[in-house]
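[1] I need the structure of the sequence given here:
(chains A, B, C and D)
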There are 2 protein chains.
Amino acid sequence: MEQRTGAPRIKDIANACGVSISTVSNVLNGKSNKVSEEIAKKIRDEVERTGYRPSSLARNLRATSTKTIGVIAEDLIEFSTPAIVEGIMKSCEEKGYNVVIENMRLFGRWKREWLRDEALLNKTLSDVLPKMDSLNLDGLIYVGSHEHTVHNLVSARGLPIVMAYAVAVDRQIPTFRLDDITGGYDVIKYLVSKGHRKIGVLAGEIDNTHTINRILGVQKAMFEEKIFFDPALVKYNDWTKDGGYKGMNALLDEDITAVFCMSDMIASGAYAALLEKGIMPGKDISVMGYDNQDTSRTLTPELTTMALPLQEIGSGAAKALIGLLENPGSSPVDIADIRIKSALIERASVRTI
Amino acid sequence: MEQRTGAPRIKDIANACGVSISTVSNVLNGKSNKVSEEIAKKIRDEVERTGYRPSSLARNLRATSTKTIGVIAEDLIEFSTPAIVEGIMKSCEEKGYNVVIENMRLFGRWKREWLRDEALLNKTLSDVLPKMDSLNLDGLIYVGSHEHTVHNLVSARGLPIVMAYAVAVDRQIPTFRLDDITGGYDVIKYLVSKGHRKIGVLAGEIDNTHTINRILGVQKAMFEEKIFFDPALVKYNDWTKDGGYKGMNALLDEDITAVFCMSDMIASGAYAALLEKGIMPGKDISVMGYDNQDTSRTLTPELTTMALPLQEIGSGAAKALIGLLENPGSSPVDIADIRIKSALIERASVRTI
DNA sequence: TAAAATCGGTAAAACGTTTTACCTTACGAA
DNA sequence: TTCGTAAGGTAAAACGTTTTACCGATTTTA
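    The predicted model follows:
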């Protein structure tokens, strides 16, 4: 007694319908001109009845393209990652691509969560790349939040790769990232439109890409508005609540009416410092955040902030990669370095003066 | 001129070393007793030199097991999902399994984010299951945050499946979820230990599993402490800030010294309502949160809350599934329904009276 | 009417592995 | 000498598809 176990195979369908394997394959792949409608229907019915699905393993083995792209994530737990990955997955789904994610879990392994460690990164990367190599991927997307030297990111296979959020400093690799210059610019313009001209800045680390570019935008806007950019009014710390707390305290004696915090976390620290002194954010002083994390809505008063285009970054990167894959003619240079704007979300922490 | 392009194959290694394919395969799979050390070394060197990796496609096709488990996520963007998935990935990595994630993106598609829609769920599920079917997976983990009738979750193939966080009401499926009863119990015990006996509760929806179970725990603790459980002191709303705001306002006239909020979001709404009336959380009234979301640290004063064992749920589910796969003898019933405790994180929003 | 094209269909090769069964050769034991 | 066995190695089957080349019958074209 032959016990057929497991999922049905194409052979089972062929046998059941009394036709050859090729015929079944032709029906399934829409080569309907090669098979009579009568038989086609019979096959479709049998497929339906048995719930047969072609094994993508066998299909891909034959096809040499897997229609699968790999995502290397610095850390899935970091707040920006899931949204970026979600954007990637959405675009891939639309285009019929699969996604496999490799998580480097760096956030928890770095000495300080926000402090990159190039050596550890590269080590982890070389753990992870061989794994992806064996998966017969069509392309790669790197998702991280730092600027990196990723010379070993480009694997020996020469898979097409694009960066999402992160940027590779040592290679010409297509990149989708935040438009931080415009972001900083827009914040200041907005604050000025609300009547503020004495504006403090609570920034991230001084050597961080985001910090640097946003400051550039701030300076540009201030120049346009004929406001003197006073370096004493900008405090560099880390991106955390603690950083914001320290920074705000350092700014307490300055004569400012508004403070631009470069992350919502920083803003929450600013709130804490302010509240401690009995200064009411959104009333006695205006506070602007950045990131549009959940936190920005749960603070009281609700924080006016910038919404990061995370899903757009992800889906842009994915679409670009797929474009690269499908038009072998086009070169990565066509994409180069795309910067996507953040959107200002007006809530209650900035008042008009 | 024969242009060898793309990644090297096992055949290339074999040719380069002047041996047969089988020999290379034997070396790579540690059947070292079948091949002389001399040749083995030569092969290893060549593999190293070329960076050859066996195609997992071909390997899995032959093996019939893919060492890959599928994750069906209700929504990757929901706050609990990434941590659970992370836990799954970690365990899988340790055991040498791959993970592929399918995201149903339900959060954005439900009419209200927190309101489940059984019909939509089942439709989406039947979109997603065939896809997973073709991936030759070894098993499935369902990651969601609701109680569901998932009769069609068990695909025709009969893949082993385990639930993470979510629970299937209509099937005996191994489940790893929150121990909500103990959670509610612990909160009340803690509050009582701080001298509180008049305690309000800001709960989630009245028919939600988490709500129901936590209330059970609350009642148990109150019974032990000989506190009358007054239904008037518990307000059911949704899990959002808005729900907390409404609930807190409804509780304002009651004579309570502490309020147990069943989510940090609810707590943030409670803060807002309180602050509006000039009542200081952590000083004039104690507030307890639940979830340990980022928000709980950014509120002022920082929120005492319960840390959800999300990674543990994920890794537990994965380990259980892998156990099921590797000991074909064991039955799913051995796992049944595991509840994992949350941990109390003491911060500044509860004071001793 | 002969040649060409179309239609409906099949056998078999190919994708890159792992594994089974088998083949030599050498060596020790009977 | 003959047999058995172990060591070192290989050919070929198998996994489940897609695709190429081909085939016979019918229809169209010239």
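[2] helices along the stretch 1-150 of chain A, start to end?
    A:10-17, A:21-28, A:37-50, A:56-63, A:80-94, A:118-133 (DSSP state H, counting those that start in this stretch).
[3] how much space separates residue A:184 from chain B?
    Going from residue A:184 to chain B by Cβ to the nearest Cβ, to the nearest Å gives 22 Å. Backbone N, C-alpha and C define where each C-beta goes, glycine included.
[4] residue A:194 now?
    With Cβ to the nearest Cβ as the criterion, residue A:194 and chain B are 23 Å apart.
[5] and of the helices of the stretch 1-150 of chain A, who's closest to residue A:287?
    Ranking those by proximity to residue A:287 (Cβ to Cβ) places helix A:80-94 first, at 21.3 Å.
[6] quick one: list the elements packing against the closest one.
    Secondary-structure packing of helix A:80-94 (3 or more Cβ pairs under 8 Å, 6 or more residues apart in numbering or on different chains; DSSP states H and E): strand A:68-73, strand A:98-103, strand A:139-143, helix A:310-326, helix B:80-94, strand B:98-103.
[7] closest one to residue A:82 among those?
    Using Cβ to Cβ, those put helix B:80-94 closest to residue A:82, at 4.7 Å.
[8] for the stretch 201-350 of chain A, which spans come out with low pLDDT?
    Residue ranges of the stretch 201-350 of chain A with pLDDT under 70: A:328-329, A:331-334.
[9] what is the burial count for the closest residue to DNA strand D within it?
    Going by Cβ to the nearest atom of the strand, DNA strand D is nearest to residue A:326 of the stretch 201-350 of chain A, at 15.1 Å. Using other Cβ atoms under 10 Å in any protein chain shown, residue A:326 has 11 other residues around it.
[10] go on, residue A:230?
    Number of residues near residue A:230 (other Cβ under 10 Å) recorded here: 14.
[11] want to throw the helices and strands packed on helix A:80-94 into TSV with distance to residue A:350?
    Below are those laid out as TSV (distance: least, Cβ to Cβ, whole Å):
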stretch	distance to residue A:350
strand A:68-73	34
strand A:98-103	37
strand A:139-143	31
helix A:310-326	23
helix B:80-94	31
strand B:98-103	35
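[12] reformat the ones you listed as JSON lines; add distance to DNA strand C.
    Below are the helices and strands packed on helix A:80-94 laid out as JSON lines (distance: least, Cβ to the nearest atom of the strand, whole Å):
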{"stretch": "strand A:68-73", "distance to DNA strand C": "15"}
{"stretch": "strand A:98-103", "distance to DNA strand C": "18"}
{"stretch": "strand A:139-143", "distance to DNA strand C": "18"}
{"stretch": "helix A:310-326", "distance to DNA strand C": "18"}
{"stretch": "helix B:80-94", "distance to DNA strand C": "20"}
{"stretch": "strand B:98-103", "distance to DNA strand C": "15"}
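[13] for the residue nearest to the spatial centre of chain A, which non-adjacent residue is spatially closest?
    In chain A, the residue lying closest to the centroid (Cα atoms, centre = their mean) is residue A:84, at 2.9 Å. What sits nearest to residue A:84 in space, not counting adjacent residues and going by Cβ to Cβ, 6 or more residues apart in numbering or on different chains, is residue A:314, at 4.0 Å.
[14] ok, now which ones touch the one you found?
    A:83-91, A:143, A:164, A:176 (Cβ atoms under 8 Å, 6 or more residues apart in numbering or on different chains).
[15] restrict these to those near DNA strand D?
    Applying Cβ under 7 Å from any atom of the strand, the subset of the contacts of residue A:314 adjacent to DNA strand D is empty.
[16] return the members of those classed as buried.
    Neighbour counting by 16 or more other Cβ atoms under 10 Å in any protein chain shown classes A:83-91, A:143, A:164, A:176 among these as buried.
[17] surely the residue nearest to the centre of chain A touches residue A:316?
    No - applying Cβ atoms under 8 Å, one finds residue A:84 not in contact with residue A:316, separated by 10.0 Å.
[18] okay, and the common contacts of those two?
    Common contacts of residue A:84 and residue A:316 (Cβ under 8 Å, 6+ apart): residue A:164.
[19] gap between the two ends of stretch A:230-245?
    Terminal residues of stretch A:230-245 lie 20 Å apart, using Cα to Cα, to the nearest Å.
[20] distance from the chain centre to that stretch, please.
    Distance of stretch A:230-245 from the chain centroid (Cα atoms, centre = their mean, to the nearest Å) equals 25 Å.
[21] got it, and stretch A:21-31?
    Centroid separation between stretch A:21-31 and its chain, computed with Cα atoms, centre = their mean, is 39 Å.
[22] list the buried residues in that stretch.
    For stretch A:21-31, by 16+ other Cβ under 10 Å, it's A:23-28.
[23] over to stretch A:187-194?
    A:187-192, A:194.
[24] restricted to helices, list these.
    Judged by DSSP state H, the subset of these located in helices is A:187-192.
[25] adding distance to chain B, write those residues out as a markdown table.
    Converted to a markdown table, those look like this (distance: Cβ to the nearest Cβ, whole Å):
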| residue | distance to chain B |
| --- | --- |
| A:187 | 20 |
| A:188 | 24 |
| A:189 | 26 |
| A:190 | 22 |
| A:191 | 22 |
| A:192 | 27 |
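[26] re the thing from before, which of the helices of the stretch 1-150 of chain A is buried the deepest?
    The highest average neighbour count among the helices of the stretch 1-150 of chain A, using mean count of other Cβ atoms under 10 Å in any protein chain shown, belongs to helix A:80-94 at a mean of 23.
[27] that one - what's its average pLDDT?
    Averaging pLDDT along helix A:80-94 gives 95.
[28] what angle sits between that helix and strand A:68-73?
    Interaxial angle, helix A:80-94 versus strand A:68-73 (axes from the mean of the first three to the mean of the last three Cα atoms, to 10 degrees): 170 degrees.
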